[in-house]
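Student: predicted coordinates and the sequence they were generated for:
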Amino acid sequence: MTPRANVPLGPYTTLGVGGPARWFVEAADEVAVSEALAWARARGLALRVLGGGSNVVVADAGVGGLVVRLATRGVEARARGDAVELTAAAGEAWDPLVAHAVARGWAGLECLSGIPGLVGATPIQNVGAYGQEVSDTIRAVRVLDTRDGSVATLDPAACGFGYRDSRFRSGEPGRFVVLAVTYRLRPGGAPTVAYADVARALQARGLGTPSLGDVRESVLALRRAKSMVLDPADPNRRSCGSFFTNPVVSAAEAARVAAAAGDPAMPRWPAPGGGVKLSAAWLIERAGFARGRRDGPVGLSTRHTLAVVAHEGARAADVVAFAARLAAAVEARFGVRLTREPVLWDA
């Protein structure tokens, strides 16, 4: 393993901004990941793991330590009673894995179609969309513990999953490197149609009893219409997708926000685990920021209010400052604090 020095990270992220990594290496297998950790620890350096780069903002000054870009590969499926356990290396691209499961009639991931990034990020973010979360299907997460270099397998309870959150993200950030994830899927299972937009899209296609493939196609179409599928020809392509999570508040707080907005029909949904989930996009729009709003080289996507887009000449500082203005406007207008979804990497 021979790390390279001062490697620009912008090209490895979907935002396309940010400075260099002091040290950088690609790891093609688990042994290389362990060697990278040992190399960094021997020099007293921090270890950072880079996946698909779709959920990270790299500071303009770059980052110190060693950045390991995961390039591990491998997919294996095993029957377990009436289920299938699908295990994928952390470096596998996520959407092709979803397509793999859907093509074989394995239910559980179809609504997560089109999400950019790698398998390793899915338990960290507890990625979810259109009525599904990966924590619904995750059976085990194989990890490298950076404290002592040991490898362990964590069950779902040990992962501390929450709404767009986990032990890996907020409980003990930086402690574990995800090496592989096992998902428990349902062969021949019915697709999940729990989201109104998906149901309407299927109904518009005349699909009363949709297949997994039908749901995947509808989800991809919905995401594409919001510029939430990576497309080199899309002018909104340089983003992290949703920059903020939908806030979860109490029922009383939701009623207060609706009153402040003067809109009793304000969109809201029951949140898993209790509380009420509000629409961050709706709050941003009502705080005065419309789709396509530009502020110099950064702005909002023309198709989705939650996506902050970096245009030509943008810097990471521009992205962070613009996002901070959005959050400040929402808090000033509604008293609701938005939580940033992408991780900020700084020196």
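Tutor: Sure thing, it's come through.
Student: is it true that Arg69 touches Tyr12?
Tutor: Yes: checked against CB atoms under 8 Å, the pair Arg69 and Tyr12 is within contact range at 6.5 Å. The C-beta positions use only the backbone N, C-alpha and C, and glycine is treated the same way.
Student: joint contacts of the two?
Tutor: Common contact partners of Arg69 and Tyr12 (CB atoms under 8 Å, 6 or more residues apart in numbering): Leu50.
Student: what about dumping the CA coordinates of the one helix or strand Ala140 maps to to CSV?
Tutor: Assessed by DSSP states H and E, Ala140 sits inside strand 138-145. Extracted as CSV, the C-alpha positions of strand 138-145 are listed here (Å, rounded to 0.1, in the frame of the first residue of the first chain):
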residue,chain,number,x,y,z
ILE,A,138,-30.2,-5.0,7.3
ARG,A,139,-29.2,-8.3,8.9
ALA,A,140,-25.6,-7.6,9.7
VAL,A,141,-22.8,-5.1,9.1
ARG,A,142,-19.2,-6.2,9.0
VAL,A,143,-16.9,-3.5,10.3
LEU,A,144,-13.3,-2.6,11.0
ASP,A,145,-12.8,-1.1,14.4
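Student: show me this protein divided up by domain.
Tutor: Using automatic domain parsing, the domain parsing of the chain gives 4-70, 75-225, 248-345.
Student: just tell me which of those ends up closest to Pro232.
Tutor: Shortest distance between Pro232 and the domains of the chain, using CB to CB, is found for domain 4-70: 11.1 Å.
Student: and that closest one, how far from the chain's centre?
Tutor: Distance of domain 4-70 from the chain centroid (CA atoms, centre = their mean, to the nearest Å) equals 18 Å.
Student: begin at 537 from here
Tutor: Will do, 537 is the new start, and the previous item becomes domain 540-606.
Student: now do the strand holding Ala676, average pLDDT.
Tutor: Throughout strand 674-681, pLDDT has a mean value of 98.
Student: list the buried ones in it?
Tutor: 674-680 (16 or more other CB atoms under 10 Å).
Student: same deal with stretch 565-572?
Tutor: Neighbour counts over stretch 565-572 (16+ other CB under 10 Å) mark 566, 568-570, 572 as buried.
Student: farthest pair within the buried residues of strand 674-681?
Tutor: Using CB to CB, the two most remote members of the buried residues of strand 674-681 are Arg675 and Leu680, lying 18.7 Å apart.
Student: please name the nearest non-neighbouring residue to Gly641.
Tutor: Residue nearest to Gly641 in three dimensions, not counting chain neighbours: Gly724, with 5.6 Å by CB to CB, 6 or more residues apart in numbering.
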